[in-house]
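**Student:** Attaching a predicted model along with its sequence, questions to come.
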Amino acid sequence: MGRNGGRYRKGHIPGMFAAIWKHPAAKYLGVIGLVIPMIVLTYYVVLISWTMAFTWFS
């Protein structure tokens, strides 16, 4: 993905998916590839904040 994205001057995931896979749904699949890691990141930030709060108050 990195080489194809650089070759076609696409620096974001939806653009890379569209350059690799010539289908209208490729951009939407790329957006899902951005949204899922953000949800996972939010989940882990909440867990880390709970852990830090329990450590601080114990």
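**Tutor:** Sure, I can see it.
**Student:** For residue 56, what are phi and psi?
**Tutor:** phi -70, psi -40 (degrees, to the nearest 10).
**Student:** What about it, how many residues nearby?
**Tutor:** A total of 7 residues lie near residue 56 under the criterion other CB atoms under 10 Å. Quick note: C-beta positions are derived from backbone N, CA and C, even for glycine.
**Student:** next one: residue 17
**Tutor:** Using other CB under 10 Å, residue 17 has 23 neighbouring residues.
**Student:** what's the answer for residue 29, then?
**Tutor:** 14.
**Student:** Quickly find the element holding it.
**Tutor:** Per DSSP states H and E, residue 29 falls inside helix 26-57.
**Student:** Just list the residues touching the residue most central in space within the chain, thanks.
**Tutor:** Nearest to the mean C-alpha position of the chain, by CA atoms, centre = their mean, lies residue 34 at 3.0 Å. Residues in contact with residue 34 (CB atoms under 8 Å, 6 or more residues apart in numbering) are 12-14.
**Student:** what pLDDT does residue 11 get?
**Tutor:** Looking at residue 11, its pLDDT is 65.
**Student:** Actually, residue 7.
**Tutor:** At residue 7, the model reports a pLDDT of 66.
**Student:** sorry, back to before: weed out the non-buried ones from the contacts of residue 34.
**Tutor:** 13-14 (16 or more other CB atoms under 10 Å).
**Student:** Show me where this structure dips below the pLDDT cut-off.
**Tutor:** The chain contains residues with pLDDT under 70 at 1-11.
**Student:** Which one of the contacts of residue 34 is nearest to residue 39?
**Tutor:** Taking CB to CB as the measure, residue 13 is the one of the contacts of residue 34 closest to residue 39, at 14.9 Å.
**Student:** so who does the closest residue to the closest one other than its chain neighbours touch?
**Tutor:** Spatial nearest neighbour of residue 13, chain neighbours left out: residue 30 (4.3 Å); criterion: CB to CB, 6 or more residues apart in numbering. Counting by CB under 8 Å, 6+ apart, residue 30 makes contact with 12-18.
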